[in-house]
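Asker: Need coordinates for the following:
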Amino acid sequence: MWQEIRTRIDDRLGDPIWWNDVLQLAKTVLAAVVAWVVAASLLDLPQPFLAPWAALLVVHATVYRTFSRGAQQVAATVVAVLLATAVGEVLGPTTASIALLLVVALVLGALPWLGIEATTIATTGLVVLTTGFEDDLMLVSRLVDTAIGVAVGLAVNVLVWPPLRRSTAVEAMDRIDDAIGELLVDIAGSLGDGCQDEDVRAWIDRTRELDGDVDRAWGLVRQAQESARMNPRRSARSLRDPKEWFELLRRMEQAVAETRSLARTLGGQSAHRETWGEQFADAWIGMLGDAGAAVRAADPVGLEDVRERLARLAEDLRATERSAEWPVYGALIINLRNIVDAMSRVAAANPLGGTRLPVRLPSMGVRAG
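Answerer: Residues are numbered from 1 along each chain as shown. As a prediction, the model looks like this:
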């Protein structure tokens, strides 16, 4: 059990996606704490809570989003402070003023430029209204608090290891091709042992899961592209137009779709080994397993070998007497050929530049008794 736990911890410690999340969390906390120290200790503002609040809102996953979304959030916070002050001066801190504040805040949130920040306007305004709005000094103090939080948040996200989401995107794509290879190997193994209907349903469900993984990878690649915008790091240049990654993801999408088609074709058949005949069954199942192993190992040479064997199998089958299973043979050969063609380019592109971090739990020495 300890070995299993240790393996899981080591996997997590070596996962760049996890470390990116940890770094982002640490930077967010750092920005909020620094903003609080500046507002409360250095400037001694009377109610400095808006400084860490604004810092939390500004720190985003990319530098570009920090500026673009940060500008919206700054505007939303300023609008909320002014709105709460105006409503409080007219109605005081009453139930009616709270209701009016929330209605106006949500209406302002319908504006295209502020729509995404409707909740920020409402919550910030509510805090300001319920904690005091009596004088102009308090209003100025809160605007200064907000400015401090925004400035600190921007500075921390830009100057402290500005995020560049290369590793997260690479790791996500690597996981997809590994999963495609595992699925192909599992299908080949089940066919050799005699698969059941529930096996076919499980294969199709796994292709749907892979569709979700591909969608997430698309999102991470776009985030990596966005992370290169306004990023001062020199390595950001290559990410501003990652055409190769887009092409690889399209090929993975095709491979997943072909695998699902292959599984559906298999699901329409029964007693595969008996109905197919040895000439096709043994050769094709062997090639399916070899293709899966090559995809998993990112081995373009192995995939090319499978493609050549598929071509020879098709030629051999043409030379034999036609059977009722020819449509099935053709469909399965085409599915596998398309998978091999799609994944050959992915295998050739590996490694994509991402490596697992060399972070592990320390070994525990055992004394001999």
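Asker: can you give me the helices for the stretch 201-350 of the chain?
Answerer: 243-267, 272-276, 278-296, 300-318, 326-349 (DSSP state H, counting those that start in this stretch).
Asker: any residues touching the longest one, and which ones?
Answerer: Where contact means C-beta atoms under 8 Å, 6 or more residues apart in numbering, the residues beyond helix 243-267 that reach it are 169, 173, 176-177, 180, 183-184, 187, 191, 195, 197, 200-201, 203-204, 207-208, 210-211, 214, 217-218, 221, 224, 272, 295, 328, 331-332, 335-336, 338-339, 342-343, 345-346, 349, 352. C-beta here means a position set from N, CA and C on the backbone, and glycine is covered the same way.
Asker: Whichever of these end up buried, select them in ChimeraX.
Answerer: Paste this into ChimeraX to select the buried members of these, with burial taken from 16 or more other C-beta atoms under 10 Å:
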select :169,173,176,177,180,183,184,187,191,195,200,203,204,207,210,214,217,218,221,224,272,295,328,331,332,335,336,338,339,342,343,345,346,349,352
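Asker: For residue 326, give its distance to residue 93.
Answerer: Counting by C-beta to C-beta, to the nearest Å, the separation of residue 326 from residue 93 is 82 Å.
Asker: what's the answer for residue 174, then?
Answerer: Noted for residue 174: a distance of 55 Å to residue 93, by C-beta to C-beta.
Asker: the more surrounded of those two?
Answerer: A side-by-side neighbour count of residue 174 and residue 93, using other C-beta atoms under 10 Å, places residue 174 first with 19 against 15.
Asker: What separation do you get for that one and residue 343?
Answerer: In this view, residue 174 and residue 343 are 13 Å apart by C-beta to C-beta.
Asker: Just name the shakiest helix or strand of the protein by mean pLDDT.
Answerer: The weakest-scoring helix or strand in the chain, judged by mean pLDDT, DSSP states H and E, is helix 272-276 (a mean of 61).
Asker: For the strand or helix carrying residue 186, name the packing helices and strands.
Answerer: In the assignment (DSSP states H and E), residue 186 maps to helix 166-193. Judged by 3 or more C-beta pairs under 8 Å, 6 or more residues apart in numbering; DSSP states H and E, helix 166-193 is in contact with helix 16-36, helix 197-227, helix 243-267, helix 278-296, helix 326-349.
Asker: Let me know which of those helices is the nearest to residue 129.
Answerer: Smallest distance to residue 129 across the helices and strands packed on helix 166-193 (C-beta to C-beta): 21.7 Å, for helix 16-36.
Asker: so the closest one versus helix 166-193, what angle?
Answerer: Interaxial angle of helix 16-36 relative to helix 166-193 (axes from the mean of the first three to the mean of the last three C-alpha atoms, to 10 degrees): 150 degrees.
Asker: so helix 16-36 versus helix 197-227, what angle?
Answerer: On the basis of the same axes, to 10 degrees, helix 16-36 is oriented at 40 degrees to helix 197-227.
Asker: rewinding a little: format the helices of the stretch 201-350 of the chain as TSV; extra columns: distance to residue 39.
Answerer: TSV is the format used below for the helices of the stretch 201-350 of the chain (distance: least, C-beta to C-beta, whole Å):
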stretch	distance to residue 39
helix 243-267	42
helix 272-276	71
helix 278-296	53
helix 300-318	57
helix 326-349	49
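Asker: Any idea which of those gets closest to residue 43?
Answerer: Closest among the helices of the stretch 201-350 of the chain, using C-beta to C-beta: helix 243-267, at 45.5 Å.
Asker: any idea of the mean pLDDT in that closest one?
Answerer: For helix 243-267, the mean pLDDT works out to 90.
Asker: Kindly report the same for stretch 183-197.
Answerer: Computed over stretch 183-197, the average pLDDT equals 82.
Asker: which other residues reach that stretch?
Answerer: 199, 203, 206-207, 210, 259, 262-263, 266-267, 272-273, 281, 285-286, 288-289, 291-293, 295-296, 339.
Asker: how about residue 121, what does it touch?
Answerer: Counting by C-beta under 8 Å, 6+ apart, residue 121 makes contact with 76-77, 79-80, 83, 105-106, 108-109, 114.
Asker: just to revisit the earlier point, save the helices and strands packed on helix 166-193 as JSON lines, and put in distance to residue 145 too.
Answerer: Below are those laid out as JSON lines (distance: least, C-beta to C-beta, whole Å):
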{"stretch": "helix 16-36", "distance to residue 145": "8"}
{"stretch": "helix 197-227", "distance to residue 145": "29"}
{"stretch": "helix 243-267", "distance to residue 145": "41"}
{"stretch": "helix 278-296", "distance to residue 145": "54"}
{"stretch": "helix 326-349", "distance to residue 145": "49"}
